[in-house]
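In: Curious how this folds, go ahead:
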Amino acid sequence: MLNRVKNVGYGDRTPFLNAAASLNLRGEIDRIIDTQVEQWYATVPQAAHLEGKDVNSAYYKRHLIETAWRIRLLRVAEAKALVEVAKVSPEAAQIWAHYEQEEMLHDDLFIQDLERVGVSREEFLATEPYLSTKLLAGFFSYLLDHEGPLGVVAYSYLVEYVNVKLEPRKLEALKASVGEKNIIGQVSHSHTDINDDHPGEVWAALRFLIKGEQDIEALKRYLTEHQKILAMYFSELYIDTLAKPQDKAA
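Out: Have a look, this model is predicted:
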């Protein structure tokens, strides 16, 4: 008799990438992201604003609001992704579930920092997310429905890699501009990313999801696509808070 059961990850579970190949690919991906970061600073309006000495209060508060909303919206799609990951690789699903368990409630860390600078939870809830944030959540849903979970997990690697590399510098700047006691939530979030090696954890899940060369190429495309949507967000943020009237009209 033919067993009709499928999509439970019981096929050949040997990773396509052995340990050495995984290390080499991760290095290549990291270099791609580093290049994207350079392009980011060169092309996104006020990309380094939060690293400066004179942080605009409206920009800062709106960024925290949007960060909390991104966590809230994306955790729904990322929870759905666990189902799709489990169909491909139980090992990746276990890693992804642990990672999500650590990240799932971090929206509250940013909301607490908002309260420290005078933005109430009620005001946060009354602020609708930007279109770019909605599009990012929608892109996740599209990926899960039509391409699979690889692109969703790729987003987390991009964000975690960049956060671990750049967030400490930004937080040092914010200590001076906003006040150390006002960024406790963000510091706690960063400590989790760094001390629990979230980039390494997400990469371990990615390794089990990569089944061939086509997935490697898709991974590289996903990084570019996610970068474009995130750039849309920072452009919206800039126009909403920092742009001069003539720039907003344009």
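
In: Residues contacting stretch 180-200, please?
Out: Contact partners of stretch 180-200, identified using Cβ atoms under 8 Å, 6 or more residues apart in numbering, comprise 99, 102-103, 106, 108-113, 116-117, 156-157, 160-161, 163-164, 167-168, 171, 174-175. (Glycine included, C-beta is placed from N, CA and C.)

In: Share the number of residues neighbouring residue 6, please.
Out: Neighbours of residue 6 under the rule other Cβ atoms under 10 Å: 9.

In: Quick check: the gap between residue 88 and residue 17.
Out: For residue 88, the distance to residue 17 equals 14 Å [Cβ to Cβ, to the nearest Å].

In: Take the contacts of stretch 180-200 and keep only those in helices.
Out: Residues of the contacts of stretch 180-200 located in helices (DSSP state H): 99, 102-103, 108-113, 116, 156-157, 160-161, 163-164, 167-168, 171, 174.

In: filter these to the buried ones?
Out: 99, 103, 109-113, 116, 156-157, 160-161, 163-164, 167, 171, 174 (16 or more other Cβ atoms under 10 Å).

In: top helix in the protein by residue count?
Out: Per DSSP H, the chain has its longest helix at helix 57-88.

In: mean confidence for that helix?
Out: Averaging pLDDT along helix 57-88 gives 95.

In: what packs against that helix?
Out: Under the contact criterion of 3 or more Cβ pairs under 8 Å, 6 or more residues apart in numbering; DSSP states H and E, helix 57-88 touches helix 90-103, helix 107-116, helix 131-146, helix 150-174, helix 198-209, helix 213-241.

In: buried stuff in it?
Out: 59-75, 77-78, 80-82, 84-86, 88.

In: Phi and psi next, for residue 14.
Out: phi -70, psi 120 (degrees, to the nearest 10).

In: tell me the pLDDT at it?
Out: On the pLDDT scale, residue 14 gets 87.

In: Number the chain from 25, please
Out: Shifting the count to begin at 25 puts that one at residue 38.

In: Number of residues surrounding it?
Out: Using other Cβ under 10 Å: residue 38 sits among 7 other residues.

In: Contacts only, for the residue positioned nearest the centre of the chain.
Out: The residue lying closest to the centre of the chain (Cα atoms, centre = their mean) is residue 183, at 3.7 Å. By Cβ under 8 Å, 6+ apart, no residues touch residue 183.
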